[in-house]
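1. Would you be able to build a 3D model of this:
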Amino acid sequence: MKNLLKIVFVFLFAARAFAESNDSMESLTNAEAAVQFKLEQFGKTNTDYQLLLDAQKISASMNRRGDKTTLNELDERCLRLQLKVLLTIAKARDPYYDPKASTNAFYMNVMPPITKGNQPFMSGMDPNAIKDPEARKAYEDAIAENVRRGKKYEQERSLSYGVDHVVIDLWYFVKNFPEDSAGRKSSFKIIEATIFDKIILNRLESDSYPEYSDTNW
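-> Numbers count the residues shown, from 1 in each chain. Sure thing, here's the model as predicted:
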């Protein structure tokens with residue numbers, strides 16, 4: 001029994017320590033530096049979107065709410081950190097990308113083009129098995145294009161979910177303050193001065209939980 005109680009005590013202590021480990025300016029400063037590094041690395045190439053998703057997770061770990069009536073310095077910096085990440089992820093998305101458009105469709109396997117002669121062909125076959133060089137090149141190009149579309153889809157979907165994650169975290173951040181509190185008013189003031197995307201702003205200001213925008217995916 002003593003051993004069981006000891007295990008429970010250690011677990012509760014560890015859980016409490018983990019929950020409070022980010023409630024300090026030192027932790028926030030470290031998180032800000034880590035996020036900035038991720039964003040700068042992404043800015044060098046604009047291709048490795050995983051850096052943005054990593055930055056989102058780091059900023060979310062600092063989702064503090066102070067005394068829940070006012071917006072203290074720690075709260076405000078946490079809020080601004082998440083807004084910074086939100087703007088960067090939203091900007092990285094392709095505003096014209098439509099996952100349902102036929103021009104963006106991709107498949108598990110690509111069907112080879114009709115070849116000259118009577119050579120049999122099947123979806124997903126090895127391009128090197130196609131004797132006709134012209135048909136083989138066309139098939140290789142089709143495979144490459146299919147891979148490109150698949151990667152584009154995964155990137156846009158991941159970035160979309162990244163935006164959703166921050167929006168939901170921020171929505172909870174604000175709603176955790178009492179409705180007429182100085183904390184909620186100050187939070188909204190900062191948000192409205194930072195976010196100019198009407199769709200995102202409406203989701204943050206909505207009384208309803210901002211569901212994941214996965215209907216397109």
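2. Skipping its backbone neighbours, what lies nearest the residue positioned nearest the centre of the chain in space?
-> Centroid check for the chain by CA atoms, centre = their mean gives Gly162 as the closest residue, at 1.6 Å. Closest residue in space to Gly162, ignoring its immediate chain neighbours: Ile89 at 4.6 Å, by CB to CB, 6 or more residues apart in numbering. The C-beta positions use only the backbone N, C-alpha and C, and glycine is treated the same way.
3. May I have the phi/psi pair for that neighbour?
-> Ile89 adopts backbone torsions of phi -70, psi -40, taken as degrees, to the nearest 10.
4. now the one 10 residues further on
-> Main-chain dihedrals, Pro99, degrees, to the nearest 10: phi -60, psi -20.
5. didn't it look like it was pressed against Trp217?
-> Yes: counting by CB atoms under 8 Å, Pro99 does reach Trp217; the two are 6.0 Å apart.
6. so what secondary structure elements neighbour the helix or strand hosting Glu140?
-> Using DSSP states H and E, Glu140 falls within helix 133-175. If you count contacts as 3 or more CB pairs under 8 Å, 6 or more residues apart in numbering; DSSP states H and E, helix 133-175 packs onto helix 50-60, helix 73-92, helix 182-194, helix 198-205.
7. can I get these in CSV with mean pLDDT?
-> Shown next, in CSV, are the helices and strands packed on helix 133-175 (pLDDT from 0 to 100):
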stretch, mean pLDDT
helix 50-60, 97
helix 73-92, 96
helix 182-194, 97
helix 198-205, 95
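8. Distance to Glu145 and mean neighbour count for these - can I get that in TSV?
-> Listed next are the helices and strands packed on helix 133-175 as TSV, based on distance: least, CB to CB, whole Å; neighbours: other CB atoms under 10 Å:
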stretch	distance to Glu145	mean neighbour count
helix 50-60	23	20
helix 73-92	22	20
helix 182-194	38	16
helix 198-205	31	16
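9. Go through those helices and name the closest to Lys151.
-> helix 50-60 (12.2 Å; CB to CB).
10. Next, the angle from that closest one to helix 133-175.
-> 10 degrees (axes from the mean of the first three to the mean of the last three CA atoms, to 10 degrees).
11. which other helices and strands contact helix 50-60?
-> Using 3+ CB pairs under 8 Å, 6+ apart: helix 50-60 touches helix 25-45, helix 73-92, helix 133-175.
12. hang on, Ile130 packs against Lys137?
-> No: using CB under 8 Å, Ile130 is not in contact with Lys137; the gap is 9.1 Å.
13. Just want to know which of these two has more residues nearby.
-> The neighbour comparison of Ile130 against Lys137 (other CB atoms under 10 Å) goes to Ile130, with 21 against 13.
14. Who are the contact partners of Asp169?
-> Each residue near Asp169 by CB atoms under 8 Å, 6 or more residues apart in numbering is listed here: 60, 63, 82.
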